[in-house]
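> Got a sequence here, can you build the structure:
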Amino acid sequence: MIEELANNKDSALKVNEGIPQPPSVSPTALARLKAKKKKALKEDDYVKGILEGSRTLLSKAITMIESSLPNDHKMAQMIIEKCLPHAGKSIRIGITGVPGVGKSTFIESLGNHLTSQGHKVAVLAIDPSSQRTKGSILGDKTRMETLCNNPDAFIRPSASAGSLGGVARKTRESIVLCEASGYDIILVETVGVGQSETEVHNMVDFFLLLMLSGAGDELQGIKRGIMEMADALIVNKADGDNENRAGLAKVQYQTALHLFPPTESGWSPKVDTCSAMKMDRIANVWKIISEYKELTTENGYFNKRRQEQAIDIMFSSINDALETNFYNNSQIEEALEKAKEDILQNKVSSYIAAQRLLDSYFGNL
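Below is the predicted model:
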């Protein structure tokens, strides 16, 4: 009875056909995704794009360098190998200073000045990572809005932790890719005064230390070791009421530098003031860097230092590979947990446990 009423077109119980529902996933988007998966980029595609100046492929290649996945690491090494003959034609500048000294503003001002002179500038900013969460803010691009939109500049913030080989290895490899992509000036910004300064000093040609005035005793405000590494000390924020204090700080630093032994490069570290916010004396900073390059190129120190850095990279790569291979060894992973338990239960000392693990590792090779 109900079926008859439902089939009757005049009945109120007639069941009308529903409106066709669209698919939950867009067919167009699905087709694009499949096409993208099919067209996976090979190392030659990356190399071609990098040499042609593609910032997109350069960014993707650096992301691959920073990855901890073994497959990404392998492809990154092949890309670097093919880009290496096209690298090395830049000047690498390390920039450091205590937090709040104005590193980002200084780099933006210097970068804009250099691009206006016809240079291509790459900024590799090392951001500190949380020891608890391993996360980083990576906010350098937001502090360099003008330079970020400059077509002749490339800014890449990188976390200081969470990568295979650490900050030194991945930054060195990123420098190679940036140089191959046509950037003739590489600026490496560090976290602040600490361990990363030594690592960055060993991968750049010129090391610039930004300073503040009026922040207490200038000569006690920074470690002697960092000052000895610096090729130039620049007192930033020399404007307004702070201009006279900056001039006084400049004299104090010049006096302090005279107490240091002569440098191997034959270069006498320079001290100057600037106001990055007002673009004041930024051109003079570049003049100091240019004079350094000219002097060290003539006396052979520039190339000698590059060669020493290349050897240092080899040793660093060996150390990184050994460490990675050690901790990824399945037998070591099991033995490591047992060693931890023995140490906590005072069954064995930390030194003996470490030696046993090493003996086990090298004995299985």
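> The longest helix that the chain contains - contacts with which helices or strands?
Selection of the longest helix in the chain by residue count, based on DSSP state H, yields helix 301-328. Packing contacts for helix 301-328, counted by 3 or more CB pairs under 8 Å, 6 or more residues apart in numbering; DSSP states H and E, involve helix 166-180, helix 282-298, helix 330-344. (Glycine included, C-beta is placed from N, CA and C.)
> try 10 Å this time
helix 70-83, strand 91-96, helix 166-180, helix 282-298, helix 330-344, helix 350-363 (3 or more CB pairs under 10 Å, 6 or more residues apart in numbering; DSSP states H and E).
> Mean pLDDT lowest where, among these?
Of all these, helix 166-180 carries the lowest average pLDDT, namely a mean of 84.
> ok, the helix or strand following that one: who's next to it in the sheet?
Note on helix 166-180: by DSSP states H and E, the next helix or strand toward the C-terminus is strand 185-189. Sheet pairing for strand 185-189, assigned by DSSP bridges, gives strand 91-96 (parallel), strand 121-127 (parallel).
> can I get the CA coordinates of strand 185-189 in PDB?
This file holds the C-alpha atoms of strand 185-189, laid out as PDB (Å, rounded to 0.1, in the frame of the first residue of the first chain):
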ATOM      1  CA  ILE A 185      77.800  38.600  -1.000                       C
ATOM      2  CA  ILE A 186      76.800  36.200   1.800                       C
ATOM      3  CA  LEU A 187      75.900  37.600   5.200                       C
ATOM      4  CA  VAL A 188      75.800  35.000   8.000                       C
ATOM      5  CA  GLU A 189      74.000  36.300  11.100                       C
END
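> Which parts of the stretch 1-150 of the chain are helices?
In the stretch 1-150 of the chain, the segments counted as helices under DSSP state H, counting those that start in this stretch are 2-7, 27-38, 43-51, 55-66, 70-83, 103-116, 140-143, 145-148.
> Buried ones in the last one, by neighbour count?
Buried residues in helix 145-148, counting neighbours by 16 or more other CB atoms under 10 Å, are found at 147-148.
> To which secondary structure element is residue 263 assigned?
Judged by DSSP H and E, residue 263 forms part of no helix or strand.
> so how many other residues sit close to it?
13 (other CB atoms under 10 Å).
> in terms of contact, does it touch residue 232 like I think?
No - the pair residue 263 / residue 232 is not scored as a contact, 12.0 Å apart, by CB atoms under 10 Å.
> Overlap in contacts, these two.
Common neighbours of residue 263 and residue 232, using CB atoms under 10 Å, 6 or more residues apart in numbering, are residue 269.
> Let me have the strands paired with strand 185-189 in CSV, extended by mean neighbour count.
Formatted as CSV, these follow (neighbours: other CB atoms under 10 Å):
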stretch, mean neighbour count
strand 91-96, 24
strand 121-127, 25
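> Need those strands in JSON lines (columns: distance to residue 184).
What follows is these, written out as JSON lines (distance: least, CB to CB, whole Å):
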{"stretch": "strand 91-96", "distance to residue 184": "7"}
{"stretch": "strand 121-127", "distance to residue 184": "8"}
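> The nearest residue to residue 49 once chain neighbours are set aside and residue 156: what is the separation?
Distances taken as CB to CB, 6 or more residues apart in numbering put residue 57 closest to residue 49, at 3.2 Å, once the chain neighbours are dropped. Distance of residue 57 to residue 156, given as CB to CB, to the nearest Å: 13 Å.
> residue contacts, residue 351?
Neighbour list for residue 351: empty [criterion: CB under 10 Å, 6+ apart].
> out of the helices and strands packed on helix 301-328, nearest to residue 314?
Taking CB to CB, helix 166-180 is the member of those nearest to residue 314, at 11.1 Å.
> partners of the helix or strand where residue 155 lies in the sheet?
Per DSSP H and E, residue 155 falls inside strand 153-159. If you go by DSSP bridges, strand 153-159 pairs up with strand 121-127 (parallel).
> any idea of the angle the strand it pairs with forms with helix 103-116?
Using axes from the mean of the first three to the mean of the last three CA atoms, to 10 degrees, the direction of strand 121-127 lies 170 degrees away from that of helix 103-116.
> thinking in terms of the whole chain, how far from its middle is strand 121-127?
Taking CA atoms, centre = their mean, to the nearest Å, one finds the center of strand 121-127 at 6 Å from the center of the full chain.
> State the mean pLDDT of that strand.
For strand 121-127, mean pLDDT rounds to 87.
> Which pLDDT value belongs to residue 27?
On the pLDDT scale, residue 27 gets 72.
> how about it, what does it touch?
Counted by CB under 10 Å, 6+ apart, residue 27 has zero contacts.
> Then residue 82?
Residue 82 touches 43-44, 46-48, 50-51, 180, counting by CB under 10 Å, 6+ apart.
> let's see it at 7 Å
Residues in contact with residue 82 (CB atoms under 7 Å, 6 or more residues apart in numbering) are 43, 47.
> what do you get for the one 10 residues further on?
Residue 92 makes contact with 175, 186, 188, 203-205, according to CB under 7 Å, 6+ apart.
> tell me the angle of the longest helix of the chain relative to helix 350-363?
90 degrees.
> so helix 301-328 versus helix 166-180, what angle?
Going by the same axes, to 10 degrees, helix 301-328 makes 130 degrees with helix 166-180.
> Make 467 the first number, not 1, from now on.
Yes, from this point I'll number from 467; that puts the last item at helix 767-794.
> If we go by neighbour counts, what in helix 767-794 is buried?
767-768, 771, 775, 779, 782, 786.
> closest to residue 805 among those residues?
Of the buried residues of helix 767-794, the one sitting nearest to residue 805 (CB to CB) turns out to be residue 786, at 22.6 Å.
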